[in-house]
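the sequence and its predicted three-dimensional model are supplied below.
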Amino acid sequence: LDFLGEFYSDEEARRSRESTLEGILKVLAWIATIDAFQHWVYLNPHHSREERKDFWLSLQDRFGSGVDWTGFEDAKAHAWHRQLHPFTVPFYYIEYGIAQLGALQLWVCALDDLAAAVADYKEALTLGGSRPLPELFAKAGIRFGFDKETVGPLSERLIDALDLNGVAT
């Protein structure tokens, strides 16, 4: 993101950076929503349509963006239909979240020490698929985790990069 100015005007680079960082926050919340929904659906195979709708809405409240859906409640209740993965490749969508968390950690490492981050990443790439994913992450100098210790600092760095500290959203 630091090199967007090579291709864009200052204003275009700022907008592109902002859009990218906001998109990361949004997609991580959406991935968490879809993954939690799929787990519930498959663990409760005899649920009713109403139960499914209620559970989806509870996830929207938990992970949602705070968008006012007034007048569009039916669209909100069925928004999960726009994600094909639950229909075509169940439980695959989480892999995008895993990849995004890895990429974010590498980005943070690069912000702190670009040369070391690139060297660690290349070292991890030399292992290819010969090791389990947690080992590949470790070789790249990052964590394979979805806990507060992993996600929390990444969120803070995104917020700092978006300059949202102290701004009411």
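Sure, I can see it. Numbers count the residues shown, from 1 in each chain.

max-length helix in the chain?
helix 10-43 (DSSP state H).

which secondary structure elements does that one contact?
With contacts taken as 3 or more Cβ pairs under 8 Å, 6 or more residues apart in numbering; DSSP states H and E, helix 10-43 sits against helix 49-63, helix 85-88, helix 94-112, helix 148-162. In this view, the C-beta of every residue, glycine as well, is placed from N, C-alpha and C.

possible to save the ones you listed as CSV with distance to residue 77?
Formatted as CSV, the helices and strands packed on helix 10-43 follow (distance: least, Cβ to Cβ, whole Å):
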stretch, distance to residue 77
helix 49-63, 5
helix 85-88, 15
helix 94-112, 23
helix 148-162, 28
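
deepest-packed of these, please.
The highest mean neighbour count among the helices and strands packed on helix 10-43, using mean count of other Cβ atoms under 10 Å, belongs to helix 94-112: a mean of 17.

can you report how many residues lie near the residue nearest to residue 8 when sequence neighbours are not counted?
Among residues not flanking residue 8 along the chain, residue 16 sits closest, at 6.0 Å (Cβ to Cβ, 6 or more residues apart in numbering). A count of neighbours around residue 16, defined by other Cβ atoms under 10 Å, yields 15.

any idea how far residue 4 is from residue 16?
Distance, residue 16 to residue 4, by Cβ to Cβ, to the nearest Å: 5 Å.

same check, this time on residue 57
38 Å.

poorly predicted segments of the protein, please.
Applying pLDDT under 70 to the chain flags the ranges 164-169.

change it to 50
Counting by pLDDT under 50, the ranges of the chain that qualify are 167-169.

hang on, the earlier thing: quick one: which of the helices and strands packed on helix 10-43 is nearest residue 71?
Closest approach to residue 71 among these (Cβ to Cβ): helix 49-63, 15.6 Å.
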